[in-house]
Each structure stands twice: as C-alpha cells, then as structure tokens.
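K.L.:
Using only what follows, build the 3D model:
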Amino acid sequence: MRNAGQRSADSSFVSRETLERLDIYAELLKKWQASINLVSADTLDQLWERHFKDSLQLAKLCPQPLNWIDMGSGAGFPGLPMAICLTEFDQGWVHLIESNNKKAAFLRAVIAATGARASVHAQRIEEAVSQLDAPDAISARALAPLPNLCALAAPFAARRADLSCWFHKGLGYPQEVEAARRFWEFDLVEHPSTVRDGAAILEITQLAPRQ
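P.N.:
Numbering: from 1, shown residues only. Purely as a prediction, here's the structure:
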C-alpha cells in the first residue's frame, strides 16, 4: 500500500485524498487482522491488488454518486472503498450490512478514521429489508452463489424497478448464472475483471422471480 506510484497508475480516476484515505483503511485492516480474521492471511501483503483494486473496479463502472447497500460486507469490500470514493461528492451513501459484531466494529472504526460516506448495520440482510429504503444499487463480493444473492436482493428489487445489482464473481460465474436463471429473471451485463482473468463483475437489472 505504500507504493504510491502503483496506486496512482491503477486509480487515476480518484483523488490523492481518496488514496490517502484508502491507505488509512489498509493500515487499520492490518492492525485489526491480528485479532480478527478479516481477509485471507495469504492476501495481507497484496491488499491493493487483491482487495482494493478489485473493489475499485466498481467505482469505474459506476462512477456517479448513488445510494448503495453492500450485502455481507465483512472487511468492507467492495462497499467501503466505494464509500471512501463518495467523499469526493456531497451525495451518495453506502449501507454496510454485516452481522458479525466484531467485523461491524472494524467497519465503524474505518468510517470514523476516513470520513467514508457509510453506515454499518450489524444485522442479517433479511432483517435489514424492512429497515432500509430500497437503494439505487446493491453490491456483494465473496458472499454467496448467484442464486442466493438474487434471493437476498429480490425484496429490494420488488420495491424499486430500476435497482441495479453489482456482484463480483470468480472463474465459475457462468455456471452460477445458469443456475440463477432457473429461478430468477434478470437482464445481465458481464464486465470482465481487470484484476483476475476469467472473473467478472455481473451487473443485474430487472430482477424478478421466474414465473
């Protein structure tokens, strides 16, 4: 995270101040990792490439300030980097849903230190449905297979016709799409990952149960 030249080359679309906030986030993650398993230990020395750069793909694909729900935030990816990017605007917000209280405490610590435009909801996603307004967009990374993600997002989609879902997926995503289409109808745009060959960010709209 201290290689500023690499960060600038990878993230010319965000400001120096945003990169500095991401540095703060990274340092806090390393500190908290000693007592909480936030990310896989073998990726700790590759935070920028494996986690931050991967998450920031979403900021390039969807640069306008929106209201987001990030499902199963864990260590905060991709929702918290998005919330840090939103500090460049005076609008847009990210609701981070994380049921693990220790991880939720970590997310709150990063928000306090960086001024990220986000709030933390220490509850299950199903419980948040009745408490949060339908957002503009939903994100999730390394949370669940696509059919399950569709089921979690569907209650929000039922309340907002133009909702968009942005799901980071790995090499086996075509099979997940096939499985999801057995139960769900949706429009799909596959955005190839710039971080990992064969992976993608799936942009899903018009989500509804298959009749």
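K.L.:
What's opposite residue 167 in the beta bridge?
P.N.:
On the basis of DSSP bridges, residue 167 is bridged to residue 140, residue 202.
K.L.:
what's the pLDDT at it?
P.N.:
For residue 167, the model assigns a pLDDT of 98.
K.L.:
I figured it was touching residue 204, is that so?
P.N.:
Yes - with contact defined as C-beta atoms under 8 Å, residue 167 and residue 204 form a contacting pair (6.9 Å). All C-beta atoms are positioned from the backbone trio N, CA, C, and that covers glycine.
K.L.:
show me the contacts for residue 88.
P.N.:
For residue 88, the contact set (C-beta atoms under 8 Å, 6 or more residues apart in numbering) comprises 14-15, 17-18.
K.L.:
Please name every helix or strand in contact with the helix ranked longest in the chain.
P.N.:
Ranked by residue count and defined by DSSP state H, the top helix of the chain is helix 16-33. Using 3 or more C-beta pairs under 8 Å, 6 or more residues apart in numbering; DSSP states H and E, the elements in contact with helix 16-33 are helix 4-10, helix 47, helix 79-85, helix 101-114.
K.L.:
quick one: which of those is nearest residue 59?
P.N.:
Smallest distance to residue 59 across the helices and strands packed on helix 16-33 (C-beta to C-beta): 4.7 Å, for helix 79-85.
K.L.:
Residue ranges in the protein under the pLDDT threshold?
P.N.:
The chain contains residues with pLDDT under 70 at 1-13.
K.L.:
same thing but 80
P.N.:
For the chain, residues meeting the criterion pLDDT under 80 lie at 1-13, 42-46.
K.L.:
Can you tell me which residue is spatially central in it?
P.N.:
Note on the chain: the residue nearest the mean C-alpha position is residue 78, at 2.5 Å, using C-alpha atoms, centre = their mean.
K.L.:
Disregarding residues adjacent in the polypeptide, which is nearest to that one?
P.N.:
Using C-beta to C-beta, 6 or more residues apart in numbering and skipping the chain neighbours, the partner closest in space to residue 78 is residue 55 (3.5 Å).
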